[in-house]
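Chemist: next comes the sequence, and after it the predicted model I'd like to discuss.
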Amino acid sequence: MLLSRHTTRRVRVGQIEIGGGAPISVQSMCSTPTTQIDAAVRQAEALREAGASLVRFSVDTSRDVEALAEIRRSTTVALVADLQENYRLAASVAPHVHKIRYNPGHLQHHEKGKGTAEKVAHLAAVARVHDLAIRVGVNAGSLDPRAGERFPDRREAMVESALEHAKILDGQGFERYVVSLKCSDPAQTVEANLDFAARRPDVPLHIGVTEAGLPPDGIWKTRIAVEQLLARGVGDTVRVSLTLPAGRKADEVLAGQEILADIEAGRFRSVPPRLGRLRVVSCPACGRVESERFVDLAMRVREMAVDLGDLDLTIAVMGCRVNGPGETDGADLGLWCGPATVHLKRGSRAIGTFGYDEILARVREELDARARHGAEVQARE
């Protein structure tokens with residue numbers, strides 16, 4: 001089955017091309033700390049061998065930059081630097097990568113006296129000098145506060161933020177960029193991407209569901225979004241973001257390839273038989289995770305939640321301080337993990353900080369209380 005795709009501009013990333021009718025690539029992100037060079041190279045090579053065209057690394061410090069220089073010499077896969085809070089590292093990391101990804105919601109953290117346009121202009125200038133592509137990575141859980149204030153609807157805020165940054169890059173005469181608009185909810189992800197594509201059909205789109213969580217549910221969430229977008233001709237590269245231990249990270253790539261192969265063959269499987277109203281959202285364990293116990297915690301929370309049946313509840317389990325605090329705000333119950341403790345929240349309100357040996361019992365208390373409340377409401381009805 002040959003799907004008709006939107007004609008976007010073609011963006012070169014090293015030897016890979018995205019958009020403009022190029023084959024849809026599958027990419028992934030290393031979950032090992034970037035500074036653990038040997039482990040990072042092994043994982044990057046495993047991802048490449050599984051079929052990943054691009055592999056992304058967390059870049060937060062000058063030590064990460066130095067490590068990427070070594071990693072670049074040890075792998076042939078195209079490398080992407082993920083700049084979250086520190087966009088100023090772009091110039092130093094640029095010689096060692098093929099692409100820079102930045103999140104508009106995190107540009108505010110440094111050099112607060114500078115405006116967004118000035119910071120994006122700097123990134124464009126660095127990319128131009130070093131022959132790099134850029135991804136504007138808009139994430140529903142870490143939106144630019146300005147967009148969130150102007151557009152209370154999260155989907156609209158995502159789209160307007162992406163449009164603003166596309167306009168800034170265009171104004172710099174820089175066209176080698178890709179945009180992503182991701183949410184942990186497949187339906188909102190689809191709506192945001194379709195809206196952006198209708199208004200900027202020329203811009204290649206990196207598609208996927210952020211914090212899709214543990215397999216198999218995380219694969220289903222991604223499949224729903226990717227199938228619905230590619231069926232409408234929208235999407236040029238794919239990421240499946242799963243919560244997995246380091247040794248199974250290549251499963252992300254294999255899942256992405258299977259989804260694309262099924263679509264190409266006309267095998268559309270969404271909507272799955274049942275995802276349920278209870279949603280466990282978890283991040284894909286990148287190099288910013290500060291405790292190896294994070295993945296096990298996410299798995300055990302999901303096992304615990306199985307007993308709750310049809311309770312309408314979102315639980316978010318996040319692995320780091322960079323995205324965890326903000327991206328748990330939208331969950332009914334949120335956990336974000338530090339090196340030795342886990343921060344527990346109800347929505348945006350903090351409940352407390354607990355050790356890894358204490359947190360599951362505290363989560364159990366919260367879930368039991370919600371289940372009792374749900375039963376009481378149902379009885380009154």
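Modeler: Cool, the structure landed.
Chemist: do a quick rundown of the helices in the stretch 151-300 of the chain.
Modeler: Under the criterion DSSP state H, counting those that start in this stretch, the stretch 151-300 of the chain contains helices at 154-171, 186-199, 217-230, 250-264, 294-305.
Chemist: ranking the ones you listed by burial, who's on top?
Modeler: Highest mean neighbour count of those: helix 217-230, a mean of 24 (counted as mean count of other CB atoms under 10 Å). (C-beta placed from N, C-alpha, C; glycine too.)
Chemist: C-alpha coordinates for that one, PDB please?
Modeler: Taking C-alpha atoms only, helix 217-230 is exported to PDB below (Å, rounded to 0.1, in the frame of the first residue of the first chain):
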ATOM      1  CA  ASP A 217       0.500   0.100  26.000                       C
ATOM      2  CA  GLY A 218       3.200   2.500  24.900                       C
ATOM      3  CA  ILE A 219       3.500   0.800  21.500                       C
ATOM      4  CA  TRP A 220      -0.300   1.000  21.100                       C
ATOM      5  CA  LYS A 221      -0.400   4.700  21.900                       C
ATOM      6  CA  THR A 222       2.300   5.400  19.400                       C
ATOM      7  CA  ARG A 223       0.700   3.100  16.700                       C
ATOM      8  CA  ILE A 224      -2.600   5.000  17.100                       C
ATOM      9  CA  ALA A 225      -1.000   8.400  16.500                       C
ATOM     10  CA  VAL A 226       1.400   7.300  13.700                       C
ATOM     11  CA  GLU A 227      -1.300   5.300  11.800                       C
ATOM     12  CA  GLN A 228      -3.800   8.200  11.900                       C
ATOM     13  CA  LEU A 229      -1.200  10.800  10.900                       C
ATOM     14  CA  LEU A 230       0.500   8.800   8.100                       C
END
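Chemist: number of nearby residues for the closest residue to residue 59 other than its chain neighbours?
Modeler: Distance criterion CB to CB, 6 or more residues apart in numbering; nearest residue to residue 59, sequence neighbours excluded, is residue 81 at 4.5 Å. By other CB atoms under 10 Å, the residues close to residue 81 number 25.
Chemist: what do you get for the one 3 residues further on?
Modeler: Neighbours of residue 84 under the rule other CB under 10 Å: 23.
Chemist: mind listing what's buried in stretch 351-362?
Modeler: 351, 354, 356, 359-360, 362 (16 or more other CB atoms under 10 Å).
Chemist: cool, and stretch 243-250?
Modeler: Quick answer for stretch 243-250 (16+ other CB under 10 Å): 243-244, 246, 249-250.
Chemist: how far is that stretch from where the chain is centred?
Modeler: A distance of 15 Å separates the centroid of the chain from that of stretch 243-250, by CA atoms, centre = their mean, to the nearest Å.
Chemist: what lies in contact with it?
Modeler: Contacts with stretch 243-250, where a contact means CB atoms under 8 Å, 6 or more residues apart in numbering, come from 28, 30-32, 39, 43, 46-47, 49-50, 52, 213-215, 218, 251-252, 282-285, 295, 298-299, 317.
Chemist: among those residues, name the ones in strands.
Modeler: Those of these mapping onto strands are 28, 282, 317, per DSSP state E.
Chemist: format the residues you listed as JSON lines; extra columns: distance to residue 60, neighbour count and pLDDT.
Modeler: Shown next, in JSON lines, are those (distance: CB to CB, whole Å; neighbours: other CB atoms under 10 Å; pLDDT from 0 to 100):
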{"residue": "28", "distance to residue 60": "19", "neighbour count": "30", "pLDDT": "97"}
{"residue": "282", "distance to residue 60": "21", "neighbour count": "28", "pLDDT": "78"}
{"residue": "317", "distance to residue 60": "21", "neighbour count": "31", "pLDDT": "89"}
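Chemist: which among those residues gets closest to residue 267?
Modeler: Taking CB to CB as the measure, residue 267 lies nearest residue 28 of these, at 22.9 Å.
Chemist: summarise which helices and strands the helix or strand of the chain with the lowest mean pLDDT is packed against.
Modeler: Of the helices and strands making up the chain, the lowest-confidence element is helix 324-327, at a mean of 73, by mean pLDDT, DSSP states H and E. Helix 324-327 is packed against strand 313-318, strand 333-337, with contacts defined by 3 or more CB pairs under 8 Å, 6 or more residues apart in numbering; DSSP states H and E.
Chemist: sheet-wise, list the partners of the longest one with their directions.
Modeler: As defined by DSSP bridges, the strand partners of strand 313-318 come to strand 278-282 (parallel), strand 333-337 (parallel).
Chemist: show me how far the last one is from its chain's centre.
Modeler: So the one you mean is strand 333-337. Taking mean C-alpha positions (CA atoms, centre = their mean), strand 333-337 and its chain are 17 Å apart.
Chemist: check which element follows it along the chain.
Modeler: strand 341-346 (DSSP states H and E).
Chemist: partner strands of that following strand, parallel or antiparallel?
Modeler: strand 333-337 (antiparallel), strand 349-355 (antiparallel).
Chemist: distance to residue 73 and mean pLDDT added to those, as JSON lines?
Modeler: Below are those laid out as JSON lines (distance: least, CB to CB, whole Å; pLDDT from 0 to 100):
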{"stretch": "strand 333-337", "distance to residue 73": "32", "mean pLDDT": "91"}
{"stretch": "strand 349-355", "distance to residue 73": "40", "mean pLDDT": "93"}
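Chemist: of all the ones you listed, which one is nearest residue 178?
Modeler: Closest among those, using CB to CB: strand 333-337, at 28.1 Å.
Chemist: relative to helix 294-305, how tilted is that closest one?
Modeler: 160 degrees (axes from the mean of the first three to the mean of the last three CA atoms, to 10 degrees).
Chemist: what residues sit buried inside strand 333-337?
Modeler: Quick answer for strand 333-337 (16+ other CB under 10 Å): 333-337.
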